[in-house]
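Undergrad: Below are the sequence and a predicted model; questions follow.
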Amino acid sequence: IIYCCAAILGLKLLKDFPNDTLLVLGMRKTNDASQGRTYLVDAFKEFGAIDGAAIALDKGFGFVRFVHSSSVDLALERFRTAEIEVQGVSVMIKSVMSMCG
């Protein structure tokens with residue numbers, strides 16, 4: 001979020017924003033953060049090692065941060081040609097980097 005705000009305001013940051021994070025939209029709403037993380041990790045682990053995952057409680061979206069940015073590319077490539085499901089629901093994904101550029 002900080003990187004996106006800085007990009008919108010035209011501010012320079014000391015470090016470039018890594019392209020290692022996906023925004024996942026359209027998830028089932030849950031109020032269990034641990035369970036939500038587990039759903040995200042299970043759905044996205046096939047694309048590469050995951051550094052972290054988090055959901056917005058009761059909002060229906062979350063973030064997945066990969067160890068390698070190439071995993072983001074793999075997930076986006078799959079999303080262009082097939083559905084990605086989290087908890088049995090087809091979700092939409094976006095690279096956080098693309099939202100900030």
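TA: Looks like it came in fine.
Undergrad: so what's the closest residue to residue 70 other than its chain neighbours up against?
TA: Nearest residue to residue 70, sequence neighbours excluded (C-beta to C-beta, 6 or more residues apart in numbering): residue 48, at 6.8 Å. For glycine as for every other residue, the C-beta is placed from the backbone atoms N, C-alpha and C. By C-beta atoms under 8 Å, 6 or more residues apart in numbering, the contact set of residue 48 is 66-68, 70-71, 74.
Undergrad: From those, which land in strands?
TA: residue 66 (DSSP state E).
Undergrad: how about the helices of this structure, start to end?
TA: Using DSSP state H, the helices assigned to the chain run over residues 2-9, 33-44, 70-81, 96-100.
Undergrad: out of these, deepest packed?
TA: helix 33-44 (a mean of 18; mean count of other C-beta atoms under 10 Å).
Undergrad: quick one: average pLDDT of that helix?
TA: The pLDDT scores in helix 33-44 average 94.
Undergrad: Look up how far residue 54 lies from the spatially most central residue of the chain.
TA: Geometric centre of the chain, nearest residue: residue 22, 2.3 Å, by C-alpha atoms, centre = their mean. According to C-beta to C-beta, to the nearest Å, residue 22 stands 12 Å off from residue 54.
Undergrad: Name the residues contacting each of the two.
TA: residue 63.
Undergrad: just to revisit the earlier point, which residues does the residue nearest to the centre of the chain contact?
TA: Shown in contact with residue 22 (C-beta under 8 Å, 6+ apart): 44, 63-64, 66, 72, 75-76, 93-96.
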